[in-house]
Each structure stands twice: as C-alpha cells, then as structure tokens.
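Q: Build me a model from this:
(one chain, ligands or ions: 1)
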Amino acid sequence: MDEVVKAAVPWRQQAFFNSSSVWFVLVPLASLLAAYAIFQTYFKFLRRSGRRLLNVLEPYATIDVSEPGSDNDSTYEEVKAYLSEACLRQEDARELRAEGAKDGDGLVISIRDGQDIADKFQGAPLWWSSVVEDNVRDGRQNKHRFQRLTFHLRHRRLVVDEYLPHVRRQGREILFSNRRRRLYTNNKSLETYSSNDYKAWSYVELDHPTTFDTLAMVRAMKKNIMDDLDAFKSNKEFYRRTGKPWKRGYLLYGPSGTGKSTMVAAMANYLEYDIYDVELTVVNTNADLRKLLIETTSKSIILIEDIDCSLDLTGDRARPSTDDDDDSRTRTTVTLSGLLNFIDGLWPACGDGRIIVFTTNHVEKLDPALIRRGRMDMHIEMSYCGFEAFQTLAMNYLDVDDHELFGSVEEILKEVKLTPADVAEYLMTAKRAGSDEPTPCLEILIGKLRRRAEEESRGEGEVRGGGEGQG
Ligand SMILES: Nc1ncnc2c1ncn2[C@@H]1O[C@H](COP(=O)(O)OP(=O)(O)OP(=O)(O)O)[C@@H](O)[C@H]1O
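A: Numbers count the residues shown, from 1 in each chain. Here you go, the predicted model:
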C-alpha cells in the first residue's frame, strides 16, 4: 500500500492492512467468490441452451388459451386463476403437489422471465407464458392476450385429456372460493319459462355475517351439526364409491325467531356454498320444479322455507306424479309427490354437493314421507333461548363471555320462553338505553326479562311477544 493511502487511513487500520496474514485470507476468498459467480452464469447458460437443444431434438407443441371475445368461455379466467394461485403459492413453497398428479410427482412452480411459469404434471414438464400481441381487426388495432402452454409433443394426450381439465377444475374452484357467496331466488314468470333466454334464478350477493361462532344455540348441538357438515363436505369419495348421490338433507324446525334462517346462512358461510331459496308458491308445475333444480350449481344449499305453508301437504301423495301431469300444465301447483321426486330423483344428473334444507314452524304438520331419514337426514330442533345461547348473544352484542350478572340471567331464562331473536332485541335496546358498558346493559336486560317472566306467569307473554323489548 503506498504512502498516500497510508496517510489517509487511521493508525489502527494501518496496522490491520500491514498484517500480511489478512491478505492470505482476502485474496483466496475473493477468488472463490469470482469463481462461484462465473460458475453460476455458465450453469444458467448451459441450462437454457440445454433446454433449447432438447426442444430441437424433441418437438414441442403449444396451446393458446385466448382472452374470451363475445362468447362466454370461462377457460381463460380459469387458467389465469390457476396460474395466479400457483404464483402466490410459490411465495411459500417451491414444490407443490397437484391433486391430479401421481404419487411422487410435484407441481413445481417457478417464475421465469417475469411472466413465465413452469409446471409439472405426472412427470411431464410444461411451460406457461403470458403473451400480448398487437392485432389488427376490422381496420382497428387491438391487443390480443392469451396464455400459451408449451409442452413436448409426446405429452399431447396427457395435456389435452388430463392436464387441461385439471387446470380448469382447479381454476374454477379458486374462482368460486374467491367470489362472494350468492343468494339465488327463483323468478316468477311461468309463460316465459320455456323461452330460451329466460333465467330461472336471479341472485344477490350473500352478505350475511352469521357464522357458527355467532349462532346462539346449545354448544354440543352446534358441534354436532358442524361435524355433520364436515363429514359431508369431505366424503365426496365415499358417496361416489357407494353409489349414493352426494347430498344431505336438514330439517330445521322450531318457533319463529329461533334462528332457522340464521342457521342456513351460517351453514352457507361455513361450507362456502351458495343458497338457492326456492319460493314454491310461484312454481306452477312439478316440471318447472325440476327445471329449477337442474339449473342450480354444485356445492349449493337448496332452501325451502316454511315448507308447511308452501305446499298442500295433505295432497294426494298416493297418486304418483306422471310426466303427463308435468308437461300438460293442467296442474297449477306443485304436488307433494313432485316435491319428493325433486328431493330424490334428479341428483345424479345435477352435479355434486347439494344440501337441501326445509324449515318449518310446524313440524307436526309435515307428511312423514317428506322428512323421513334419507330425505331429511338430520332433524334439528331450534329452540327457545337457554343460557348457553344467551352467552353467545352476550358475546355478540356486549363482547363479554362471563359476568357476575350472568347468574341472574340464567335463572330467569329457566322461567321464560324467549327466542334468541327476542333476547337479541332486548340486548340491542338495552345497549341503546344504557351504554357500551356491559353492566348497565345487563341490568336493563334483567329488568326486561323479569317483567316478561311476570307477564308470562299472568298469561300475557304470548300476546305481547318479543316486540315489547323494543320499548
Ligand atoms: N340462534 C340465533 N343466533 C343468533 N341470532 C339469532 C338466532 N335466532 C334468531 N336470531 C336473531 O333473530 C333474527 C331472526 O331470526 P331468524 O329469521 O333466523 O329466525 P327464524 O327461526 O328463521 O324465524 P321464522 O320462522 O319467522 O322465519 C335474526 O336476524 C338474528 O338476528
């Protein structure tokens, strides 16, 4: 090191540079790093040119999945969803397992040149790239976007028969789970039903916040229902093996305001299913009912509320419904037998994963055939508000799971018949009249509950109902 440099360096560092042993370490280290960098570049070059060479030796093919034009083809969106999920997952894991891949095969995702993704399916390497080309159409210039899949020609059958359907299936599932749940209702018009552009269902986005956490009911019962739904959801293979349609029926019964509709929303949110709310009174024939069912999508809940009010359940079940009945439109209402066919008949033709829910306030009025096991697999009684249900409501409305006043509430709830809707309303009004603090709210609530208990003992409770709580 020359004198000028030495002068600029403090005396401690001069000693450091003067020590010859440091140079013995630094020089080989720098050489090693340089060698590593050269090796890396060389290796990348070899890999790239090796792949090009392979492509020359072994022909490859491409499939372009274009952005849809006027037609309603969803393939492009499905592929994009599949690829974006693949990129996202690549953040966490280099190697992912594809559902359709055989044992030992991984779905290896890596992003090349910014937009490209390499995939692997049953041992076959595949490459996706996102392409945008300028296009002149009808004298106008526009962009043509597509996803190009490149693969070795020998994998053509595998790609067409298995890989692409796999990509679409996965993409569809991703799109489905990303979108918000829908609440469908059946449209009225009978005359236009047969016209080609008639839509049997219209929907709104289901924005119901209820989950099983916020649903007020006995905890053991809630767990039972959740376990049943879990078993249903994960047992697709079992249903297929045993030749049973993948469906399950739930009958929810109990007085008004006990949470039957709330339970259906919790189920839909839990399973991530859409709800098809069938208004039976506007369905004119059994044939129309069948058409409605056929137009529902897989993984959905088909809900018929207040089933006792929707149908003449004393109807002639003994007389089997025939196609003549259906097609001639001589009948103006759906029959019980039509409804039984609806539940049993067409499932295999309608895709997978259906839950059918009936709700009623008068279970005793229902024809036993309608609710026998096999049709309605689980009968769930939604009942008056007990202490466990109250605890959930207190958590929902007051954000407390325990309080010294809970004992008093528990005692009164043993005496009065209040629905969760009543108690929820009382809590709301107590909150409005009191403050956000739980103690004054609970004191107000206890006052209201006591008054209600006194009314009930005088025989007035049924008349006044839960609306009293609003005052
Ligand atoms: N078990 C419950 N858990 C939480 N909230 C409930 C429950 N039951 C009722 N509620 C509250 O009361 C309202 C009315 O309940 P819901 O409509 O679900 O009762 P229902 O049994 O379906 O009544 P109906 O038989 O009249 O249709 C809900 O919007 C909800 O706020």
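
Q: Show me where the stretch 1-150 of the chain has its strands.
A: 60-66, 95-96, 107-108, 110-112, 116-121, 124-137, 140-152 (DSSP state E, counting those that start in this stretch).

Q: helices or strands up against the last one?
A: Using 3 or more Cβ pairs under 8 Å, 6 or more residues apart in numbering; DSSP states H and E as the contact definition, the elements that strand 140-152 packs against are strand 60-66, helix 75-92, strand 124-137. The C-beta positions use only the backbone N, C-alpha and C, and glycine is treated the same way.

Q: out of those, deepest packed?
A: Ranked by mean neighbour count, the helices and strands packed on strand 140-152 are led by helix 75-92 with a mean of 17 (mean count of other Cβ atoms under 10 Å).

Q: ends of stretch 290-300, how far apart?
A: 16 Å (Cα to Cα, to the nearest Å).

Q: Name the residues of it that come out as buried.
A: Applying a neighbour-count criterion of 16 or more other Cβ atoms under 10 Å, one finds Arg290, Lys291, Leu292, Leu293, Thr296, Thr297, Lys299, Ser300 buried in stretch 290-300.

Q: Next secondary structure element downstream of the strand or helix carrying the third one?
A: Under the assignment given by DSSP states H and E, the secondary-structure element containing Leu292 is helix 286-294. Scanning forward in sequence from helix 286-294 by DSSP H and E, the next helix or strand is strand 300-304.

Q: Tell me which other helices or strands the one helix or strand Val264 maps to touches.
A: Per DSSP H and E, Val264 falls inside helix 260-271. Helices and strands touching helix 260-271, by 3+ Cβ pairs under 8 Å, 6+ apart, are helix 219-234, strand 247-253, strand 274-277, strand 300-304, strand 354-360.

Q: Let me have these in TSV, extended by mean pLDDT and distance to the ligand.
A: Shown next, in TSV, are the helices and strands packed on helix 260-271 (pLDDT from 0 to 100; distance: least, Cβ to the nearest ligand atom, whole Å):
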stretch	mean pLDDT	distance to the ligand
helix 219-234	93	9
strand 247-253	93	8
strand 274-277	93	12
strand 300-304	93	11
strand 354-360	93	6
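
Q: And those: which comes nearest Met395?
A: With Cβ to Cβ, the closest approach to Met395 among the helices and strands packed on helix 260-271 belongs to helix 219-234: 12.1 Å.

Q: for the closest one, which positions count as buried?
A: The neighbour-count check on helix 219-234 (16+ other Cβ under 10 Å) flags Lys222, Ile225, Leu229, Phe232, Lys233 as buried.

Q: Residue in the protein with the shortest distance to the ligand?
A: Nearest residue of the chain to the ligand: Gly259, at 2.7 Å (Cβ to the nearest ligand atom).

Q: ok, back up a step: kindly reformat the buried residues of helix 219-234 as a markdown table containing distance to Gly353.
A: Below are these laid out as a markdown table (distance: Cβ to Cβ, whole Å):
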| residue | distance to Gly353 |
| --- | --- |
| Lys222 | 22 |
| Ile225 | 17 |
| Leu229 | 11 |
| Phe232 | 8 |
| Lys233 | 8 |
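
Q: Pick the one among those closest to Asp116.
A: Lys233 (35.6 Å).

Q: and that closest one, how far is that from Lys299?
A: Computed as Cβ to Cβ, to the nearest Å, the Lys233 to Lys299 distance reads 9 Å.

Q: again, but for Phe121
A: Using Cβ to Cβ, Phe121 is found at 25 Å from Lys299.

Q: Then Ser129?
A: Remark: distance between Ser129 and Lys299 (Cβ to Cβ) = 32 Å.

Q: coming back round to it: now that the residue of the chain closest to the ligand has come up, it's in contact with Met217, right?
A: Yes. With contact defined as Cβ atoms under 8 Å, Gly259 reaches Met217; the gap is 6.8 Å.
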